[in-house]
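1. The following block contains a protein sequence and its predicted model.
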Amino acid sequence: MSSAEGRDLGRALCIITGASRGFGRSVAKEISRLLKPGSVLVLVARSGDDLRALQAELAESEAGVAVECVVADLGRMEGVDSAVRTCKEAFSEHIEHIILVNNAASLGDVSRYVKSFTNMAEVDSYLSFNVSSSLCLTANILQTFPQRPGLRRTVINITSLCALQPFSSWVLYCTGKAAREMMFKVLAEEEPDIRVLSYSPGPLDTDMQMEARSKTADPTIKKSLSNMFTQGQLLTCEESCAKLMKLLLENNFISGAHIDVYDV
């Protein structure tokens, strides 16, 4: 598709994880404007109140786009099952595009270094929410909505510079992001009909960034994060989200690619 063709994303079933706040919330608001009437947004997060507030906001502004909420912990299989079940129920034969945005993630404990992570249950819990859930949700969605004529499928992984570079005292976050990035590279190799993108939204002014600059153990990284905040170098979620929408509309990226906000 050329950029001239990409004025919207079609009549889509769009699933967004971690949709209740931060970047996920911005994605939900921006992507809803690019969907044709008859589309369905499935918003997944652990915070029911925040999800329902977003649902009400979207219902007022986007006529013709249905919004479903799934209050679920994706770190547990029941959460994944609940999201998939809602997608099945929301699907209609008029849907021409399946869009899955794997955004849900947590920072992990950045107040400690590698040698302190001796508790396997703690590590497993982190990886379950940040890695296993993305793989299992993606696999379930792809099985539920297999390739067929007239159906586009797009899978987006919200990634980070931490998928590519080590950050001292960020072992869980870096490991999770690196694992997810490779997961989606493999998907792109296996399924050439699926459009796969790992998008790095950059340093965002979010609750996660606030947690990072207050709790990071490594003094150099902590100072760098604090400086970005005090010097106004953080991006708004809306600024970064606009770049992601541009990528999706133009649809010229190499499937499986890692694309940074500053490269768009």
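-> Ah, there it is.
2. and the spatially most central residue of the chain, backbone torsions?
-> The C-alpha lying nearest the average C-alpha coordinate of the chain belongs to Asn103 (CA atoms, centre = their mean; 1.8 Å). Comment: the main-chain dihedrals of Asn103 come out as phi -110, psi -30, following degrees, to the nearest 10.
3. do the same with Leu43
-> phi -100, psi 130.
4. That one: what's it in contact with?
-> Listed by CB atoms under 8 Å, 6 or more residues apart in numbering, the contact partners of Leu43 are Ile16, Ala19, Ser20, Ala28, Leu51, Leu54, Gln55, Val67, Glu68, Cys69, Val70. For every residue, glycine as well, the C-beta is placed using N, CA and C.
5. could you pull out the strands for the stretch 101-250 of the chain?
-> In the stretch 101-250 of the chain, the segments counted as strands under DSSP state E, counting those that start in this stretch are 152-158, 195-200.
6. Which among those is found nearest to Ser169?
-> Closest approach to Ser169 among these is made by strand 195-200 (20.0 Å; CB to CB).
7. Next, the buried residues of that closest one.
-> Along strand 195-200, the positions that meet the burial threshold by neighbour count (16 or more other CB atoms under 10 Å) are Arg195, Val196, Leu197, Ser198, Tyr199, Ser200.
8. Could you give the bridge partners of the fourth one?
-> Legend: beta-bridge partners of Ser198 under DSSP bridges are Asn157, His258.
9. distance of it from Leu127?
-> Using CB to CB, to the nearest Å, we find Ser198 at a distance of 18 Å from Leu127.
10. Mean pLDDT per element in the chain, and the minimum belongs to which helix or strand?
-> Evaluated with mean pLDDT, DSSP states H and E, the helix-and-strand set of the chain has its lowest mean pLDDT in helix 48-61, which scores a mean of 91.
11. Touching that helix from outside, list them.
-> Helix 48-61 is touched from outside by 19-21, 25, 28-29, 32, 41, 43, 45, 65, 67, 69-71, with contacts defined as CB under 8 Å, 6+ apart.
12. Just the C-alpha atoms of the following helix or strand past that helix, please, in CSV.
-> Under the assignment DSSP states H and E, the closest C-terminal helix or strand after helix 48-61 is strand 66-71. In CSV, the C-alpha atoms belonging to strand 66-71 read as follows (Å, rounded to 0.1, in the frame of the first residue of the first chain):
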residue,chain,number,x,y,z
ALA,A,66,-17.8,-0.2,19.2
VAL,A,67,-15.6,-0.3,22.3
GLU,A,68,-15.3,-3.4,24.5
CYS,A,69,-13.5,-3.6,27.8
VAL,A,70,-11.7,-6.6,29.2
VAL,A,71,-10.5,-6.2,32.8
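13. Number of residues surrounding His258?
-> Burial measure for His258: 20 neighbouring residues, criterion other CB atoms under 10 Å.
14. To clarify, my last question referred to Arg52.
-> By other CB under 10 Å, 15 other residues sit near Arg52.
15. cool, and Met182?
-> A count of nearby residues for Met182, using other CB under 10 Å, gives 13.
16. quick one: it from Arg33, how far?
-> Remark: distance between Met182 and Arg33 (CB to CB) = 32 Å.
17. on that earlier part again, can you list the strands of the stretch 101-250 of the chain in a markdown table and add distance to Leu234 and mean pLDDT?
-> Written out in a markdown table, the entries for these read as follows (distance: least, CB to CB, whole Å; pLDDT from 0 to 100):
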| stretch | distance to Leu234 | mean pLDDT |
| --- | --- | --- |
| strand 152-158 | 16 | 98 |
| strand 195-200 | 14 | 98 |
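18. Can you list the neighbours in contact with the longest helix along the chain?
-> Counting residues, the longest helix found in the chain (DSSP state H) is helix 171-190. Helix 171-190 is contacted from outside by 102, 105, 107-110, 113-114, 117, 123, 126-127, 130-131, 134-135, 138, 155, 157, 159-160, 162-167, 194, 196, 198, 255-256, 258, using CB under 8 Å, 6+ apart.
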